[in-house]
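1. structure for the following, please:
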Amino acid sequence: MSSAVGSDQTQLSIQVHLDGFSVFKQEDSAFPLSFTQFAALKDWLQKQSSQLAAKLVYTTPATLVPEELFQPDHAADYLKYHFQQSNHVAYSALKSMGLMVVFSVDQDLEKELGSLVSDMSITHSSYELVRRALASPHKEWLRFVTIFHPEHLEVVFHKGNQLISYNQYPIHGALDSSYYLKLLHTQSSFKNEKAAIICYENGSQWGQSNFKNINDWASKAQYITEIYPFL
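-> Residues are numbered from 1 along each chain as shown. As a prediction, the model looks like this:
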């Protein structure tokens, strides 16, 4: 789901949200840029003078399936159990972890965006988040690694390279994430251990207020406002 990026190309990361798009470019203070409509994003891309390579990052509904149980023909069914029916789905393998990431995609968007850039790769925030979290060198740490998206929270709960859970939750107030994380913690077999938390901000109006409540009970907490080039 990717292609090579030439050294003479401008590399962009384009995130797909429920309410629009965010465009990131490394080491440029003018970014990120936000677009509520694809037409505006298309117009901006067409005005760029350099060749463009895009990493298209979905933040849409996603789920994880053990690789040994995964059947490609049933990919849409895995999402249906957790979310509304998706017309089109894609999947990526986390080979070292024995997991498949299944997520909803917009094929029309990919086709039109692909015509505007010279190279394009496709991924999902869950794939990047799980891979990054479980690569932690702190093997003894019980930890939440989260992303505050504009409308929802994405959570990986793990201990070293052991994945405990992956979840997505809607965020509508300052106490929501603290409630969800505490619930995950108390319902796990690690409820008597203190957990560290890393929070990545990704355009949410609730990120900072939620972090203040999380910081009250986490053993260690870190709030990171720079999401690119992670996503």
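2. residues in contact with Leu109?
-> Val16, Phe38 (CB atoms under 8 Å, 6 or more residues apart in numbering). Backbone N, C-alpha and C define where each C-beta goes, glycine included.
3. again but with His172, I slipped
-> Trp206.
4. look up how far Ser22 lies from it.
-> The gap separating His172 from Ser22 is 20 Å, by CB to CB, to the nearest Å.
5. give me phi/psi at the nearest residue to Pro170 once chain neighbours are set aside?
-> Counting by CB to CB, 6 or more residues apart in numbering, His152 is the residue found nearest to Pro170 once chain neighbours are left out, at 5.3 Å. Taking degrees, to the nearest 10, you get phi -150, psi 170 for the backbone angles of His152.
6. before we move on, what about Pro61?
-> Dihedral angles (degrees, to the nearest 10) for Pro61: phi -50, psi 140.
7. pretty sure it sits against Phe103.
-> Yes: counting by CB atoms under 8 Å, Pro61 does reach Phe103; the two are 6.8 Å apart.
8. mutual contacts of the two, please.
-> Leu79.
9. higher neighbour count, the two?
-> Regarding Pro61 and Phe103, a neighbour count based on other CB atoms under 10 Å identifies Phe103 as having more, with 25 against 19.
10. hey, what's the more buried one bridged with?
-> Per DSSP bridges, the residues bridged to Phe103 are Ala62, Ala90.
11. confidence score at it?
-> Phe103 is assigned 93 on the pLDDT scale.
12. how about Ala4?
-> For Ala4, pLDDT reads 45.
13. likewise Thr60?
-> For Thr60, the predicted pLDDT is 86.
14. what about the residue sitting nearest the centre point of the chain, distance to Tyr169?
-> For the chain, Ser125 is the residue whose C-alpha lies nearest the centre (CA atoms, centre = their mean; 2.1 Å). Distance of Ser125 to Tyr169, computed by CB to CB: 14 Å.
15. which intervals of this protein have sub-threshold pLDDT?
-> Under the criterion pLDDT under 70, the flagged ranges of the chain are 1-7, 82-86, 229.
16. quick one, helices of it?
-> Assigned by DSSP state H, the chain shows helices spanning 38-46, 75-80, 107-114, 125-134, 176-186, 207-214.
17. which of these sits closest to Leu56?
-> helix 107-114 (6.5 Å; CB to CB).
18. mind listing what's buried along that closest one?
-> Leu109, Glu110, Leu113 (16 or more other CB atoms under 10 Å).
19. now stretch 94-109
-> Result for stretch 94-109 [16+ other CB under 10 Å]: buried residues Leu94, Met97, Leu99, Met100, Val101, Val102, Phe103, Ser104, Val105, Asp106, Leu109.
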